[in-house]
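Engineer: 3D model of this:
(one chain, ligands or ions: 1)
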Amino acid sequence: MEHIDPALIHRFDTPRSGRLCEFCREFDAKFPERHPLDQLVARNRKPNASAHLTEDGYVRHRMLELRRIASRAPLTAA
Ligand SMILES: [Zn+2]
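Structural biologist: This is a model prediction of the structure:
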């Protein structure tokens, strides 16, 4: 188990206030290596980037989205 900074837990209530981001879990091969709080989105929200509880989680989610968009882009694009 990774160490969780007690200050972080306090700031975000507890990890129980969130749930694992389904999007990141599916598309991020390094998802299990993330800090536990970086895996969580707010419980009552859709699993999108802004629902992430941490800045790092938000950034990683956005990067996954951008990578997917880039991989779908037509090769003819300049
Ligand atoms: Zn996510």
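Engineer: roughly how far does residue 48 sit from the ion?
Structural biologist: To the ion, residue 48 is 7 Å away according to Cβ to the ion, to the nearest Å. Just so you know, the C-beta spots here come from the backbone N, C-alpha and C atoms, and that holds for glycine as well.
Engineer: count of neighbours near that residue?
Structural biologist: Counted with other Cβ atoms under 10 Å, residues neighbouring residue 48 total 14.
Engineer: what sits against residue 49?
Structural biologist: Contact partners of residue 49, counting by Cβ atoms under 8 Å, 6 or more residues apart in numbering, are 58, 61-62, 65.
Engineer: which of these are buried?
Structural biologist: Using 16 or more other Cβ atoms under 10 Å as the burial test, the contacts of residue 49 include 58, 61 as buried.
Engineer: so where's this protein shaky on pLDDT?
Structural biologist: Along the chain, the parts satisfying pLDDT under 70 run over 1-16, 75-78.
Engineer: what parts of it come near the ion?
Structural biologist: Within the chain, the residues that sit near the ion (Cβ under 5 Å from the ion) are 21, 23-24, 61.
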